[in-house]
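In: Sequence and predicted model, in that order:
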Amino acid sequence: MSCRNLIDIQQLTNLKQTYLITVAILEGRYYVWPNMDSVVIVQALGKKEKTAVVKNSDCPYYNEYFTFDKKIALHDLLNTEVIVTVIQPKSIFRKRKILGLFRLDVATIWAEPEHQFFNKWAVLNAPTNKEGCGSRGFLKVNLTVITKNVSPGLPPVQEDNEIEGNLLLPHSRVSERFRAKFEFDIFRAEHLYDKKKPPSSHVVIAFGGNMAKTSVRKNTSFPEFNERIVIHDMYPVLCHRIHVRIYFGSNLYAEDFLPLSYVTSEDEEGFLPKFGPAFLHMYDTAGMEEYKGSILFSLRTKAEVVSVEDKEKNEVIPISPSTGRLLPKVILKFFIVIFESSALDKRFDGKISYRVSIGNTDKEEEYGSSQNSINKYISDKIDVRKINRNSYYSVIRERKPLLTLSVDLMDFRKRLYNLNMLEKIYDDLVNINICT
């Protein structure tokens, strides 16, 4: 299994178990503040640890090891961050100051071979854009994620201690980080419903410690945002996921994420993260049980050179509506016949109904926004009888319940035709090669 497959959310389980994050702080080098007193603070899984103070050195040795543990589901663990900050502690004559920090999500560590980084130099960045964009020093670390009762691997013997070639980077062929500008064009959302009234909503983009949001669109289930969120950061980003969230006021309505490994290629002839315009379909934050709506957006990434005087925070800029080519929609009519159901739980004793939906079609009927009001997505009441003391079956005779739905969906047939043709060509070439 490839590292990219290891972080596929569809393969993760909700089962909670105890995970350990181990962080070894080894040494610092080339701190921009000469002969400083320094302390390293490590934050993970809601806990905080710190090293002892090393005095009067811009190349200090720490050699301290910390362990953070928590009982948590794997997909929740991968969404957490490890934050490492180098500070100059306060004294009688000065306040505490932050030299620099780095942060990465646990999914980045998990995607590495054996879920660990060994003897890697992390670039320390300024805590704010106003304090500069370049490196403020380097910190050598070991990072590991393991389950309880599993021993971490031993660090390999290091032939050299040079920074170049040993930078803390995601699993890729990129040898160094550079400044980049991530442009998220948020066009619109669809099928957002809040009980009995149209919601007021906004979109939040979050990754790598950055967070920015659109303005609020009030009282609509089909909001038009047409705004560009610009985030400045280093690339490769020390995270695997771009989180896309929809809020109703201050309440999280739906969340999904875009894996960076799906929208970029870091090979020698690869490309920077790029996506869409396309729809991202959102589901209930507790799982994949309920469709919550869709959001149309795109992502473009550009390398940039930012001088010390030209630093910008995250920006939100108005843009024109999407003019990108989207697939045409086609109206599909679905007919669903219920033949039988058995082994029903005893709590269904009495009468039951069957309900079917695709996306938010049932809610569209309820709110009167469906294009076709003749759909019958709920059956009439049907008797339930007892099989034994613990299970029941529905009494369906010759006349079967028929449910209908009319849904306008994107027409993917042309893509499927092209895919089928390419697969046929591939199979023919393989067969020709075998025969010859």
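Out: Noted; the coordinates are in hand. Here the structure is a predicted model, which means the values were calculated and not measured. Residues are numbered from 1 along each chain as shown.
In: Could you find the closest non-adjacent residue to Pro401?
Out: Nearest non-adjacent residue to Pro401, counting by C-beta to C-beta, 6 or more residues apart in numbering: Ser379, 4.0 Å away. Every residue, glycine included, has its C-beta placed from N, CA and C.
In: Work out for me the element the residue most central in space within the chain sits within.
Out: Using C-alpha atoms, centre = their mean, the residue of the chain that lies closest to the mean C-alpha position is Phe257, 3.0 Å off. Here Phe257 sits within strand 251-259, counting by DSSP states H and E.
In: Same question for Leu299.
Out: Using DSSP H and E, Leu299 falls within strand 291-303.
In: Let me know the pLDDT of the residue lying closest to Pro199 once chain neighbours are set aside.
Out: Take Pro199 and drop its neighbours on the chain: the residue closest to it by C-beta to C-beta, 6+ apart is Phe248, 4.6 Å away. Per-residue confidence at Phe248 stands at 90 (pLDDT).
In: Would you mind writing the CA trace of stretch 77-97 as CSV?
Out: Listed next in CSV are the C-alpha coordinates belonging to stretch 77-97 (Å, rounded to 0.1, in the frame of the first residue of the first chain):
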residue,chain,number,x,y,z
LEU,A,77,-5.7,11.9,15.4
LEU,A,78,-4.7,12.6,11.8
ASN,A,79,-6.5,16.0,12.0
THR,A,80,-4.5,17.1,15.0
GLU,A,81,-1.3,19.2,14.9
VAL,A,82,2.2,19.1,16.4
ILE,A,83,3.5,22.6,17.1
VAL,A,84,7.1,23.2,18.0
THR,A,85,8.2,26.7,19.1
VAL,A,86,11.6,28.1,20.0
ILE,A,87,11.4,31.0,22.5
GLN,A,88,13.7,33.3,24.4
PRO,A,89,12.5,33.1,28.0
LYS,A,90,11.7,36.2,30.0
SER,A,91,14.1,37.6,32.5
ILE,A,92,14.2,40.6,34.7
PHE,A,93,15.2,42.8,31.8
ARG,A,94,13.1,41.5,28.9
LYS,A,95,9.8,39.9,28.0
ARG,A,96,9.5,36.4,26.5
LYS,A,97,10.0,36.5,22.8
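In: what's the pLDDT at Thr51?
Out: Listed pLDDT for Thr51 reads 92.
In: didn't it look like it was pressed against Glu64?
Out: Yes: assessed by C-beta atoms under 8 Å, Thr51 is found in contact with Glu64 at 4.6 Å.
In: between these two, who's got more neighbours?
Out: Neighbour count, other C-beta atoms under 10 Å: between Thr51 and Glu64, Thr51 has more, with 18 against 15.
In: helix, strand or coil for Lys424?
Out: Counting by DSSP: H, G, I helix; E, B strand; the rest coil, the backbone at Lys424 sits in helix.
In: can you check Ser261 too?
Out: Per three-state DSSP, Ser261 ends up helix.
In: where in the stretch 151-300 of the chain is pLDDT low?
Out: Applying pLDDT under 70 to the stretch 151-300 of the chain picks out residues 155-160, 171-176, 266-270, 285-289.
In: Next one: the residue nearest to Pro199 from Asn219, what distance?
Out: Distance of Phe248 to Asn219, given as C-beta to C-beta, to the nearest Å: 11 Å.
In: Go ahead and confirm the residue nearest to Pro199 touches Lys195.
Out: No: the pair Phe248 / Lys195 is not scored as a contact, 10.0 Å apart, by C-beta under 8 Å.
In: ok, what's across the strand from Leu344?
Out: Tyr392 (DSSP bridges).
In: Could you work out the end-to-end span of stretch 38-53 for me?
Out: Taking C-alpha to C-alpha, to the nearest Å, the first and last residues of stretch 38-53 lie 6 Å apart.
In: Kindly apply the preceding question to stretch 24-34 instead.
Out: 24 Å.
In: Show me what counts as buried in that stretch.
Out: Buried residues in stretch 24-34, counted by 16 or more other C-beta atoms under 10 Å: 24-29, 31.
In: out of those residues, who's nearest Ile109?
Out: Ala24 (12.8 Å; C-beta to C-beta).
In: Just list the residues touching that closest one, thanks.
Out: By C-beta atoms under 8 Å, 6 or more residues apart in numbering, Ala24 lies in contact with 63-66, 141-143.
In: try 6 Å this time
Out: Residues in contact with Ala24, defined by C-beta atoms under 6 Å, 6 or more residues apart in numbering, are 65, 142.
In: distance of it from Asp427?
Out: As judged by C-beta to C-beta, Ala24 and Asp427 stand 50 Å apart.
In: follow-up on the earlier one: now the residue nearest to Pro401: how far from Ala126?
Out: 62 Å.
In: measure the residue nearest to Lys120 when sequence neighbours are not counted to Ser265 for me?
Out: Excluding the flanking residues, the one nearest Lys120 by C-beta to C-beta, 6+ apart is Leu168, at 4.0 Å. Between Leu168 and Ser265 the computed distance is 21 Å (C-beta to C-beta).
In: try Lys329
Out: 31 Å.
In: Give me the more crowded residue out of the two.
Out: Neighbours per residue, other C-beta under 10 Å: of Lys329 and Ser265, the larger number sits with Ser265, 14 against 11.
In: unless I'm mixing things up, that one is touching Phe271, no?
Out: Yes: taking contacts as C-beta atoms under 6 Å, Ser265 lies within contact range of Phe271: 5.4 Å.
In: Tell me how many other residues surround Ile146.
Out: 19.
In: Over to Gly153?
Out: Quick note: Gly153 (other C-beta under 10 Å) scores 14 neighbours.
In: In which helix or strand does the residue lying closest to Ala206 once chain neighbours are set aside reside?
Out: Leaving aside its sequence neighbours, Ala206 sits nearest to His243 (C-beta to C-beta, 6+ apart; 4.4 Å). Assigned by DSSP H and E, His243 belongs to strand 241-248.
In: Could you give the separation of that strand from the chain centroid?
Out: 8 Å (C-alpha atoms, centre = their mean, to the nearest Å).
In: what helices or strands is it leaning on?
Out: On a contact count with 3 or more C-beta pairs under 6 Å, 6 or more residues apart in numbering; DSSP states H and E, strand 241-248 meets strand 201-207, strand 251-259.
In: again, only using 8 Å
Out: strand 201-207, strand 251-259, strand 275-283, strand 291-303 (3 or more C-beta pairs under 8 Å, 6 or more residues apart in numbering; DSSP states H and E).
In: related to what we said a few turns ago, who are the contact partners of the residue nearest to Ala206?
Out: Contacts of His243 (C-beta under 8 Å, 6+ apart): 79, 204-207, 255-257.
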